[in-house]
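Asks: For reference, the sequence and a predicted model appear below.
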Amino acid sequence: MTRHFLRDDDLSPAEQREVLELALAFRDDRYIRTPLAGPRAVAVIFDKPTLRTQVSFCAGIAEMGGFPLVVDGNLAQIGTRESITDTARVLGRQVAAVVWRTGAQVRIEEMAAGAGVPVVNALTDEFHPCQILADLATVALHRGGVGALAGLTLAYVGDGANNMAHSYVLGGATAGLHVRIGCPEGFRPDERVVADARRIAASTGGSVTVVPTLAEAVTGADVVATDTWVSMGQEAEATARETPFVPFRLDEAALALAAPDALVLHCLPAYRGKEITAGVLDGPQSVAWDEAEFRLHAQKALLAFLLDARRP
Ligand SMILES: NC(=O)NCCC[C@H](N)C(=O)O
């Protein structure tokens, strides 16, 4: 059966652990698995800006023996020049897997339905599951392994309605984390995603709570995360998207509420002085640079898992 990674809960808790263990192993030895040797091509398509995601997928695919075929979404115009379904059928006959950064989640669902090869979500408006794998692997590295994740409290503050928040909710629940989202009213996560995550959390021992203040989210947390207040595609609303989030800025006073050794995550790009202060992002508790490195290891682990899962 062809496996896809369109949202965080496409991996079961056991599968997520397997991928995270492999991500840590790839950190120690970049060439332990080369499932794309041949080389086989992987299409890596971007309908939105990218730096980390493009570099980490391309470097990772190359390190696994494959060929990263970057497709500029502006040229391909998927869904406009050609239907998503027709594009999926064409790509599936030519490449080993499809990695796509696009807008609405339904677009990547349509791609997965027609491709016949693994499809990976490299960020949509709704989810950013590859980033959460990198985040979880980073926390595991600093907290004594994948087995140490369950039971930790992760606080995310800022835009609770964006892709990162949704993926923290789902992927965090899968890992058995207690996920606390601190966000303004009007920027809360999708209730359906929260409900799905709570169902998962019931089996992993995790939990999901959405709270209206930064302090309620961050106090005592083991991990504190934030993200831009203006996600890609929301640039026109940038001014309106500032005032409601100011009380949710991750600054030194906010971090002082967390556990004394709390780790700070930021998926980057970061806007110092907006959602996070320079002192926190560049400070001793920040693991944002390990997190950026783990995009590479985690995505290699994911691709290796998905490509293996296809073998009878
Ligand atoms: N490291 C990344 O891939 N960054 C993701 C940026 C997430 C942000 N919420 C956005 O959608 O623009």
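Replies: On my side now, so go ahead.
Asks: Domain map for the protein?
Replies: Following the TED database, one gets these domains for the chain: 13-127+292-309, 130-289.
Asks: Let me have the ones you listed in TSV, adding mean neighbour count, distance to the ligand and mean pLDDT as columns.
Replies: In this view, the C-beta of every residue, glycine as well, is placed from N, C-alpha and C. Supplementary listing: the domains of the chain in TSV, determined by neighbours: other Cβ atoms under 10 Å; distance: least, Cβ to the nearest ligand atom, whole Å; pLDDT from 0 to 100:
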stretch	mean neighbour count	distance to the ligand	mean pLDDT
domain 13-127+292-309	19	5	97
domain 130-289	20	3	98
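Asks: Any idea which of those gets closest to Leu6?
Replies: Shortest separation from Leu6 across the domains of the chain is recorded for domain 13-127+292-309, at 4.9 Å, computed as Cβ to Cβ.
Asks: Please convert the domains of the chain to a markdown table, extending it with distance to Met1.
Replies: Shown next, in a markdown table, are the domains of the chain (distance: least, Cβ to Cβ, whole Å):
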| stretch | distance to Met1 |
| --- | --- |
| domain 13-127+292-309 | 7 |
| domain 130-289 | 20 |
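Asks: Let me see the contact set for His4.
Replies: His4 is in contact with 10, 112, 118-120, 306, counting by Cβ atoms under 8 Å, 6 or more residues apart in numbering.
Asks: Repeat the analysis, applying 10 Å as the threshold.
Replies: By Cβ atoms under 10 Å, 6 or more residues apart in numbering, the contact set of His4 is 10, 97-98, 108-109, 111-113, 115, 117-121, 306, 309.
Asks: Leaving aside the residues adjacent along the chain, what's closest to the residue nearest the centre of the chain?
Replies: With the centre of the chain defined as its mean C-alpha position, the nearest residue by Cα atoms, centre = their mean is Gln131, 2.4 Å away. Closest residue to Gln131 apart from its sequence neighbours, by Cβ to Cβ, 6 or more residues apart in numbering: Cys267 at 5.0 Å.
Asks: Next, that neighbour: phi, psi?
Replies: Backbone geometry at Cys267, expressed as degrees, to the nearest 10, gives phi -70, psi -20.
Asks: what ranges do the helices span in the stretch 1-150 of the chain?
Replies: Listed in chain order, the helices found in the stretch 1-150 of the chain under DSSP state H, counting those that start in this stretch are 13-28, 52-63, 73-76, 84-92, 105-115, 129-142.
Asks: Thank you kindly, that will do.
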